[in-house]
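1. no FASTA, just this:
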């Protein structure tokens with residue numbers, strides 16, 4: 001037994017994901033390495049939650065469609081013009097680039113926050129998959145108002161799902177991308193087929209019936225009892241900022257560092273329009289047909305039977321796999337002496353514990369908006385530092401160049417931006433869904449202004465180091 005464990009440890013140790021160095025040119029990938037991964041990750045478990053929540057919040061049909069079209073276009077452009085150029089230029093993970101810019105102490109704080117946020121998101125996906133696996137065993141499903149675990153059976157199911165997802169993440173990016181490429185086409189077909197199969201239940205017997213039925217029975221413009229009213233602007237900004245941490249927040253540097261060219265950021269379009277358009281609409285239709293049921297497993301089973309339930313499981317996996325992978329890389333930068341597979345295993349355990357709490361799923365819209373907002377200011381810091389500072393005769397990677405352990409310009413930018421966003425939210429009344437846009441510009445102005453002042457002072461004190 002010891003020999004088997006030693007051989008397994010040796011094989012896992014030999015999986016090199018270039019956590020602390022640039023991805024070599026011979027390991028970089030073309031379009032195929034990203035189209036399926038983005039499609040699989042974003043045609044996923046969250047779609048079985050977000051689509052129904054739009055229905056519950058009373059989005060009208062026209063508002064939903066136009067909001068999704070515009071918001072998803074903006075999201076793709078954010079990946080292509082913000083995240084991908086930085087990732088291709090540095091070839092580093094977000095977490096290692098953070099150390100070069102911000103110093104080890106500030107990077108440690110940020111990376112722990114980043115990793116925990118991704119653990120919670122992956123936990124939501126594990127919980128989504130568990131709602132389907134628990135169906136044949138009669139395990140009580142969480143409802144919209146549930147915050148705590150509903151049963152021992154629920155906890156056991158969550159941990160079994162978490163184990164499978166963690167194993168795939170341990171095996172590395174190639175396996176994560178392969179899994180998504182295999183799963184995506186089938187998942188998309190199930191989403192579409194389930195929605196089409198349930199439309200007759202709602203009264204759609206021809207194409208001409210759809211718009212009327214959609215307005216009267218699906219996206220009616222009337223929120224469910226106890227839910228706030230969403231408009232076109234909520235839909236557009238949520239579609240844009242649902243993955244703010246990944247594109248504007250630069251977390252997908254960990255994925256796109258493998259890209260041969262920055263244009264591969266446009267591969268995110270497969271996820272945005274197959275997942276965040278078709279799948280959100282399909283799951284909304286399933287919710288209406290399931291008389292307002294919110295548990296993903298129940299609404300998918302109602303629409304497509306066993307295939308629908310299986311789709312929920314696979315969909316949860318395809319999102320959780322790359323999310324745990326990212327979280328593991330973040331923890332790896334905090335615990336550099338740990339082997340990557342052990343860090344990822346620890347990450348999977350934290351994620352599975354978080355997944356036991358249904359509030360992660362039932363409050364997913366608010367959580368996704370919050371975690372993107374928290375990570376967004378550092379995305380602005382990284383983009384400016386890598387792509388803009390040299391053009392302004394400012395020093396990039398300041399912490400690495402002069403040996404800072406805590407870059408106060410970046411730290412103050414992060415903290416002040418979040419405080420100002422909180423002020424805007426509490427005293428001006430702008431909802432969290434809309435804060436990412438002004439927040440990015442606040443962070444950008446702060447970082448440039450503080451850097452101009454701080455670097456002028458530093459250059460005088462340590463000119464030789466700063467220009468090295």
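-> Nice, thanks for sending it over. Remember, it's a predicted structure, so these values are computed and weren't measured experimentally.
2. my read: residue 49 touches residue 296, true?
-> Yes: proximity of residue 49 to residue 296 meets the contact threshold set by Cβ atoms under 8 Å, at 6.1 Å. In this view, the C-beta of every residue, glycine as well, is placed from N, C-alpha and C.
3. neighbour count: these two, which is higher?
-> The residue with more neighbours, out of residue 49 and residue 296, is residue 296; 33 against 27, by other Cβ atoms under 10 Å.
4. any idea how far that one is from residue 308?
-> Distance of residue 296 to residue 308, computed by Cβ to Cβ, to the nearest Å: 9 Å.
5. now the phi/psi pair for the most centrally placed residue in the chain, please.
-> Geometric centre of the chain, nearest residue: residue 243, 5.0 Å, by Cα atoms, centre = their mean. Taking degrees, to the nearest 10, you get phi -120, psi 30 for the backbone angles of residue 243.
6. contacting residues around it?
-> 42, 75, 372 (Cβ atoms under 8 Å, 6 or more residues apart in numbering).
7. what about whatever helix or strand the second one lives in, average pLDDT?
-> Yep, that's residue 75 we're talking about. Using DSSP states H and E, residue 75 maps to helix 61-78. On average, the pLDDT along helix 61-78 is 96.
8. just checking, residue 255 touches residue 323?
-> No: taking contacts as Cβ under 8 Å, residue 255 lies outside contact range of residue 323: 10.8 Å.
9. what pLDDT does residue 124 get?
-> 77.
10. from the chain's centroid, how far away is the strand or helix carrying it?
-> Residue 124 belongs to helix 104-133 when elements are defined using DSSP H and E. Offset of helix 104-133 from its chain centre (Cα atoms, centre = their mean, to the nearest Å): 9 Å.
11. next SSE downstream of it?
-> helix 152-171.
12. from the chain's centroid, how far away is the top helix by length along the chain?
-> Taking DSSP state H as the criterion, the chain has its longest helix at helix 296-334. Between the centre of helix 296-334 and the centre of its chain there are 12 Å (Cα atoms, centre = their mean).
13. right, and the helix or strand after that helix?
-> Next in sequence after helix 296-334, counting helices and strands by DSSP H and E, comes helix 340-355.
14. list the buried residues for that next one?
-> Going by neighbour count (16 or more other Cβ atoms under 10 Å), the buried part of helix 340-355 is 340-348, 350-352, 354-355.
15. in terms of secondary structure, what does that helix contact?
-> Secondary-structure packing of helix 340-355 (3 or more Cβ pairs under 8 Å, 6 or more residues apart in numbering; DSSP states H and E): helix 2-13, helix 104-133, helix 152-171, helix 296-334.
16. do I have it right that residue 253 meets residue 92?
-> Yes: between residue 253 and residue 92 there is a contact at 6.9 Å, judged by Cβ under 8 Å.
17. out of those two, which sits in the busier spot?
-> residue 253 (30 against 23).
18. residues in contact with the more buried one?
-> Counted by Cβ under 8 Å, 6+ apart, residue 253 has contacts 83, 86-87, 90, 92-94, 97, 382.
19. who wins for most neighbours among those residues?
-> Busiest of the contacts of residue 253 [other Cβ under 10 Å] is residue 94, holding 32 neighbours.
20. what's the pLDDT at that one?
-> Per-residue confidence (pLDDT) for residue 94: 85.
21. ok, and the closest non-adjacent residue to it?
-> Ranked by Cβ to Cβ, 6 or more residues apart in numbering and with sequence neighbours excluded, the top spatial neighbour of residue 94 is residue 253, at 4.4 Å.
22. against residue 100, how distant is residue 23?
-> For residue 23, the distance to residue 100 - Cβ to Cβ - is 16 Å.
23. likewise residue 39?
-> Taken as Cβ to Cβ, the span from residue 39 to residue 100 is 32 Å.
24. which one of these two has more residues nearby?
-> Set residue 39 next to residue 100 and count neighbours by other Cβ under 10 Å: residue 39 wins out with 27 against 20.
25. excluding its backbone neighbours, what's nearest the more buried one?
-> residue 270 (3.9 Å).
26. for residue 428, give me the pLDDT.
-> For residue 428, pLDDT reads 89.
27. OK, contacts around it?
-> Under the criterion of Cβ under 8 Å, 6+ apart, residue 428 has no neighbours.
28. I'd say residue 88 and residue 256 touch.
-> Yes: counting by Cβ under 8 Å, residue 88 touches residue 256, with 6.8 Å between them.
29. now for these two: what residues contact both?
-> In contact with both residue 88 and residue 256: residue 264, using Cβ under 8 Å, 6+ apart.
30. okay, the two: which has more neighbours?
-> residue 256 (28 against 21).
31. which SSE is the nearest residue to the more buried one once chain neighbours are set aside in?
-> What sits nearest to residue 256 in space, not counting adjacent residues and going by Cβ to Cβ, 6+ apart, is residue 87, at 3.7 Å. Using DSSP H and E, residue 87 sits within helix 84-90.
32. just give me how far the following helix or strand past that helix sits from the chain centre.
-> The element immediately downstream of helix 84-90 (helix or strand, assigned by DSSP H and E) is helix 94-102. Counting by Cα atoms, centre = their mean, helix 94-102 is centred 20 Å from the centre of its parent chain.
33. picking up where we left off before, anything in contact with each of residue 296 and residue 308?
-> Shared contacts of residue 296 and residue 308 (Cβ under 8 Å, 6+ apart): none.
34. give me the pLDDT for the closest residue to residue 448 other than its chain neighbours.
-> Nearest non-adjacent residue to residue 448, counting by Cβ to Cβ, 6+ apart: residue 384, 6.5 Å away. At residue 384, the pLDDT value in this model is 96.
35. list phi and psi for residue 384.
-> Torsion angles, degrees, to the nearest 10, at residue 384: phi -60, psi -40.
36. repeat that for residue 259.
-> Torsion angles, degrees, to the nearest 10, at residue 259: phi -80, psi 140.
37. that one against residue 27, yeah?
-> No: counting by Cβ under 8 Å, residue 259 stays clear of residue 27, with 11.0 Å between them.
38. and those two? Which one has more around it.
-> Legend: neighbour count by other Cβ under 10 Å for residue 259 and residue 27, higher for residue 259 (24 against 15).
39. show me the contacts for the residue nearest to the more buried one when sequence neighbours are not counted.
-> Nearest non-adjacent residue to residue 259, counting by Cβ to Cβ, 6+ apart: residue 88, 5.5 Å away. The contact partners of residue 88, by Cβ under 8 Å, 6+ apart, come to 256-257, 259-262, 264.
40. dump those residues into CSV; add pLDDT and secondary structure as well.
-> Output for the contacts of residue 88, formatted as CSV (pLDDT from 0 to 100; DSSP: H, G, I helix; E, B strand; the rest coil):
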residue, pLDDT, secondary structure
256, 91, helix
257, 90, coil
259, 91, strand
260, 91, coil
261, 93, coil
262, 94, helix
264, 94, helix
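41. type out the ChimeraX command that picks the buried ones from the residues you listed.
-> This is how ChimeraX selects the buried members of the contacts of residue 88, with burial counted by 16+ other Cβ under 10 Å:
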select :256,257,259,262,264
